[in-house]
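K.L.:
Model the following, please.
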Amino acid sequence: MSKAVLVTGGAGYIGSHTCHQLIEAGHRVVVVDNFYSGHRWAVPPEATLIEGDAGDSALTSRLMREHDVDTVIHFAGHIVVPESVSDPLKYYRNNTQNSRNLIAACIDAGVQQLVFSSTAAVYGIPAEQPATEQTATAPINAYGRSKLMTEWMLQDVADRPGAEPPFRFVALRYFNVAGARPDLRVGQATPEATHLIKVACQAALGQRDSVSIFGTDYPTPDGTGVRDYIHVEDLASAHLAALDYLRGGGDSRIMNCGYGRGYSVREVMQMVRQVSGVDFRIDEAPRRAGDPPELVAGTSLIHEVLDWTTRYEDLEFICRTALDWERAWSERQKATA
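P.N.:
This next block holds a predicted model:
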């Protein structure tokens, strides 16, 4: 029997998309999720699903042994930047301390490979655009710092002298993730999600009165923040490529996951208006704490190292699948209410 993959947070947004792709590619998948922001229905039925916390070392170590796991894909974490500013200890507990516990469980169970869900927030406000893996890390919020600390732990464990076999990892630094599976089996269903494209789609469907632009005086072409948006299906496929890379003996790597092109908040709003045909209201508000003016991925390294091909590199497609999902998700909630 083939080795299994343990996926933490596999019932969440990116985790569930990845689990579906893993199953479709023929992998054995074990999911551990505490359902803080995930959903049971989002996990493919072919996966083994255990309710629990990724920071529970005894649980995860036992699961690794029982299911003959050779690789962990670690998604479980909090991701709301403004919340990390107002409640930093929540982020250090869940994103850093629990990651430490999970790494310890890997070592205890003899699992030597881990794919980590990191973030472009580790760059803070980069001095150069696009940000490459050589760009200095200088996070400006607890979310970015909590993820960077986990990268440091992974690197330190991988660098231990004399460890045989050596512990190896791939840390994928996400830029802005959006969209949904084209077949709408899963999508962004996180309660109270703050992602711009999701919020704009909700406004287009009349579920919100308006959408706010936080900051219109940034040093960008139209004054609003610029981000690199990646379709969730492309991001999920990067995890499968990272899994194959590690199983093939690849060295530890940290790589950006994006498209290398940025869109402003106003451009995104206009695209959602275009695909929906709805001229929803847009309000202007002050900047939010912890938001950099611009963040675009330098992506040459991931294409050099991994056998990764993007399929959905188009803002219109990203927004259209997000809108289709939001409509379908709303109907599903009404049907089960």
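K.L.:
Other residues contacting the lowest-mean-pLDDT helix or strand in the chain?
P.N.:
Lowest by mean pLDDT, DSSP states H and E among the helices and strands of the chain is helix 81-86, with a mean of 89. The contact list for helix 81-86 (CB atoms under 8 Å, 6 or more residues apart in numbering) reads 78, 90-91, 121, 141-143, 146, 194, 288-291. Quick note: C-beta positions are derived from backbone N, CA and C, even for glycine.
K.L.:
quick one: which of these is nearest to residue 310?
P.N.:
residue 121 (21.6 Å; CB to CB).
K.L.:
For that closest one, which non-adjacent residue is spatially closest?
P.N.:
Leaving aside its sequence neighbours, residue 121 sits nearest to residue 144 (CB to CB, 6 or more residues apart in numbering; 3.3 Å).
K.L.:
same question, residue 218
P.N.:
Nearest one to residue 218, counting by CB to CB, 6+ apart, is residue 293 at 4.0 Å.
K.L.:
Identify the residues contacting that neighbour.
P.N.:
Counted by CB under 8 Å, 6+ apart, residue 293 has contacts 125, 215, 218-220, 225-226.
K.L.:
what would these look like in TSV with pLDDT and distance to residue 73?
P.N.:
Listed next are the contacts of residue 293 as TSV, based on pLDDT from 0 to 100; distance: CB to CB, whole Å:
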residue	pLDDT	distance to residue 73
125	90	29
215	97	34
218	96	34
219	93	37
220	95	34
225	96	29
226	96	29
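K.L.:
With respect to residue 334, which of those residues is nearest?
P.N.:
residue 225 (33.2 Å).
K.L.:
Name the residues of the least confident helix or strand of the chain that come out as buried.
P.N.:
Across helix 81-86, burial judged by 16 or more other CB atoms under 10 Å covers 81, 83-85.
K.L.:
same question, stretch 249-267
P.N.:
252-260, 262-267.
K.L.:
what about stretch 32-49, start to end distance?
P.N.:
6 Å (CA to CA, to the nearest Å).
K.L.:
any residues touching it, and which ones?
P.N.:
6-13, 15-16, 19-20, 22-23, 29-31, 50-54, 59-60, 63, 67, 76, 186, 189-191.
K.L.:
Would you mind listing which of those are buried?
P.N.:
Here, 16+ other CB under 10 Å leaves 6-13, 15-16, 19-20, 22-23, 29-31, 50, 52-54, 59-60, 63, 67, 76, 186, 189-190 buried among these.
K.L.:
quick one: which of these sit in helices?
P.N.:
Assigned to helices by DSSP state H, the following of the buried ones among the contacts of stretch 32-49 qualify: 13, 15-16, 19-20, 22-23, 59-60, 63.
K.L.:
And these, which is closest to residue 165?
P.N.:
residue 60 (19.5 Å).
K.L.:
quick revisit: what is the nearest of the buried residues of helix 81-86 to residue 325?
P.N.:
Taking the buried residues of helix 81-86 together and measuring to residue 325 by CB to CB, the closest member is residue 81, at 22.7 Å.
K.L.:
how close does that closest one sit to residue 201?
P.N.:
Using CB to CB, to the nearest Å, we find residue 81 at a distance of 20 Å from residue 201.
K.L.:
What of residue 253?
P.N.:
For residue 253 relative to residue 201 (CB to CB), the value is 34 Å.
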